[in-house]
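A.B. asks: below are the sequence and a predicted model; questions follow.
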Amino acid sequence: MSQNYHEEQAKKIILHLREKLKGLPLFITEFFRGIENNTTARTRLSYAHDFGVFFNFLVSDSQTFGGMSVTEFELADLDRVTANDLEDYMEYLSYYIKKSANADIEVQNEEKGKARKLFAIRSLYTYFYKRQKIKNNPTEFINTPKMHEKAKVYLDFNEVAKLLDEVESGESLSERQKEFHKFTKTRDLAILTLMLGTGIRISELVGLNINHISCENGSFMVTRKGGNAVILYFGEEVENALNTYLNEREETVALAGHEDALFLSIQRRRMTDRAIQKLVKKYSQLITSMKNITPHKLRTTFGTNLYKETGDIYLVADVLGHKDVNTTKKHYADTLGEQGRRAARAIRLRD
């Protein structure tokens with residue numbers, strides 16, 4: 001590739017963000033400039049989306065701002081938003097219709113979606129309130145929606161083995177899928193083995209180049225969130241799958257601009273996030289209909305298995321790239337509980 005994949009992706013996000021800003025109040029640009037050094041472009045793009053939902057709600061459902069356009073909002077208008085408006089907004093987020101050029105889209109937000117959108121608005125108000133550019137901060141009076149913990153979904157040991165067996169054989173695929181499987185089996189096995197054997201994120205996997213892999217050292221380099229490059233290590237099974245694929249990859253001539261990419265599509269382009277998601281779904285549906293397995297669930301599977309094998313939550317946090325071990329503990333609470341029960345059963349007080 002002529003440029004680093006992650007740099008290209010960052011540029012695309014920035015261009016998308018600039019387009020979003022054209023439909024938002026001018027003071028949002030000031031806000032983004034103020035937080036630029038402490039946030040990623042992807043985070044700011046997410047904020048821009050949430051701000052669009054908020055201001056569109058105000059002009060369409062609030063009597064105070066009815067008749068205005070979103071771009072007409074001025075900073076002083078933030079002081080006219082009340083806690084009642086925000087409560088109505090939180091209720092609105094449960095279900096609303098998003099207008100688009102092709103068709104109206106129904107949107108529903110559960111607690112997590114509502115909490116994220118409230119956080120964006122709260123950040124906006126806090127930023128300008130601290131700088132004494134607005135007089136009020138009504139977000140202080142709105143409670144964050146209570147999050148309900150969902151059961152952790154991951155593959156157990158037998159399911160992992162069965163998944164990889166299905167990729168190798170392709171026996172359960174449809175006839176049409178088998179036609180493609182002849183060309184992608186080695187690649188698909190390398191991708192799933194790498195994900196299950198290292199806990200790599202989908203964005204990290206998509207961004208891998210051939211020269212990022214060192215089978216001699218059993219390691220590879222990934223670019224983590226925030227742009228930090230780190231070295232991760234893999235075991236023998238991952239090494240074997242990668243070596244087999246790399247021998248095949250050397251014989252493949254990639255399209256211009258995709259020469260460095262490790263994983264290529266049938267069209268000989270760097271694989272996309274969406275392509276990896278579809279690949280995981282295709283094979284996982286062959287082994288379980290009860291679990292919705294995504295690339296992130298494969299990462300959870302790796303983290304769960306690593307903790308069960310080592311009992312070291314700090315090791316799991318380090319390998320997964322969690323900055324705060326409490327994040328790891330939160331995600332693997334069930335596993336921690338299981339370890340605790342095993343410890344309790346191991347103690348004997350009387351014969």
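C.D. replies: Okay, I see it.
A.B. asks: mind saving the C-alpha coords of the lengthiest helix in the chain as PDB?
C.D. replies: Scanning the chain for the helix with the most residues, using DSSP state H, yields helix 175-198. Included here for helix 175-198 are C-alpha records, laid out as PDB according to Å, rounded to 0.1, in the frame of the first residue of the first chain:
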ATOM      1  CA  GLU A 175     -23.000 -25.800  -2.400                       C
ATOM      2  CA  ARG A 176     -22.500 -22.200  -3.400                       C
ATOM      3  CA  GLN A 177     -20.400 -21.500  -0.300                       C
ATOM      4  CA  LYS A 178     -18.200 -24.600  -1.100                       C
ATOM      5  CA  GLU A 179     -17.300 -23.100  -4.400                       C
ATOM      6  CA  PHE A 180     -15.700 -20.100  -2.700                       C
ATOM      7  CA  HIS A 181     -14.400 -22.200   0.200                       C
ATOM      8  CA  LYS A 182     -12.000 -23.900  -2.200                       C
ATOM      9  CA  PHE A 183     -10.200 -20.600  -2.600                       C
ATOM     10  CA  THR A 184     -10.600 -19.200   0.900                       C
ATOM     11  CA  LYS A 185     -10.200 -22.100   3.200                       C
ATOM     12  CA  THR A 186      -6.500 -21.500   4.100                       C
ATOM     13  CA  ARG A 187      -7.100 -17.700   4.600                       C
ATOM     14  CA  ASP A 188     -10.300 -18.300   6.600                       C
ATOM     15  CA  LEU A 189      -8.600 -20.800   8.900                       C
ATOM     16  CA  ALA A 190      -5.600 -18.400   9.500                       C
ATOM     17  CA  ILE A 191      -8.000 -15.500  10.300                       C
ATOM     18  CA  LEU A 192     -10.100 -17.500  12.800                       C
ATOM     19  CA  THR A 193      -7.100 -19.200  14.400                       C
ATOM     20  CA  LEU A 194      -5.400 -15.800  14.800                       C
ATOM     21  CA  MET A 195      -8.500 -14.300  16.400                       C
ATOM     22  CA  LEU A 196      -9.100 -17.200  18.800                       C
ATOM     23  CA  GLY A 197      -5.400 -17.600  19.600                       C
ATOM     24  CA  THR A 198      -4.500 -14.000  20.300                       C
END
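A.B. asks: for that helix, buried residues please.
C.D. replies: For helix 175-198, burial by neighbour count (16 or more other Cβ atoms under 10 Å) applies to 181, 184-198. The C-beta positions use only the backbone N, C-alpha and C, and glycine is treated the same way.
A.B. asks: what of stretch 298-318?
C.D. replies: Within stretch 298-318, the residues that count as buried by 16+ other Cβ under 10 Å are 298-307, 313, 316-317.
A.B. asks: where's the longest helix of the chain relative to the chain centroid, distance-wise?
C.D. replies: Average the C-alpha atoms of helix 175-198, do the same for its chain, and the two points are 22 Å apart (Cα atoms, centre = their mean, to the nearest Å).
A.B. asks: also stretch 42-61?
C.D. replies: Averaged over its C-alpha atoms, stretch 42-61 has a centre that lies 20 Å from its chain's centre (Cα atoms, centre = their mean).
A.B. asks: how about the CA coordinates for the helix or strand hosting residue 47, as PDB?
C.D. replies: Remark: residue 47 resides in helix 41-61, with elements defined by DSSP states H and E. These are the backbone C-alpha positions of helix 41-61, laid out as PDB (Å, rounded to 0.1, in the frame of the first residue of the first chain):
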ATOM      1  CA  ALA A  41     -11.200  11.200  15.300                       C
ATOM      2  CA  ARG A  42     -13.500   8.200  15.600                       C
ATOM      3  CA  THR A  43     -14.700   9.400  19.000                       C
ATOM      4  CA  ARG A  44     -15.400  12.900  17.600                       C
ATOM      5  CA  LEU A  45     -17.300  11.400  14.700                       C
ATOM      6  CA  SER A  46     -19.500   9.400  17.200                       C
ATOM      7  CA  TYR A  47     -20.100  12.600  19.100                       C
ATOM      8  CA  ALA A  48     -21.100  14.400  15.800                       C
ATOM      9  CA  HIS A  49     -23.600  11.700  15.100                       C
ATOM     10  CA  ASP A  50     -25.100  12.000  18.600                       C
ATOM     11  CA  PHE A  51     -25.200  15.800  18.400                       C
ATOM     12  CA  GLY A  52     -27.100  15.500  15.100                       C
ATOM     13  CA  VAL A  53     -29.800  13.300  16.800                       C
ATOM     14  CA  PHE A  54     -30.000  15.800  19.700                       C
ATOM     15  CA  PHE A  55     -30.400  19.000  17.700                       C
ATOM     16  CA  ASN A  56     -32.800  17.400  15.300                       C
ATOM     17  CA  PHE A  57     -34.900  16.300  18.300                       C
ATOM     18  CA  LEU A  58     -35.000  19.900  19.600                       C
ATOM     19  CA  VAL A  59     -36.100  21.400  16.300                       C
ATOM     20  CA  SER A  60     -38.700  18.800  15.600                       C
ATOM     21  CA  ASP A  61     -40.100  17.900  19.000                       C
END
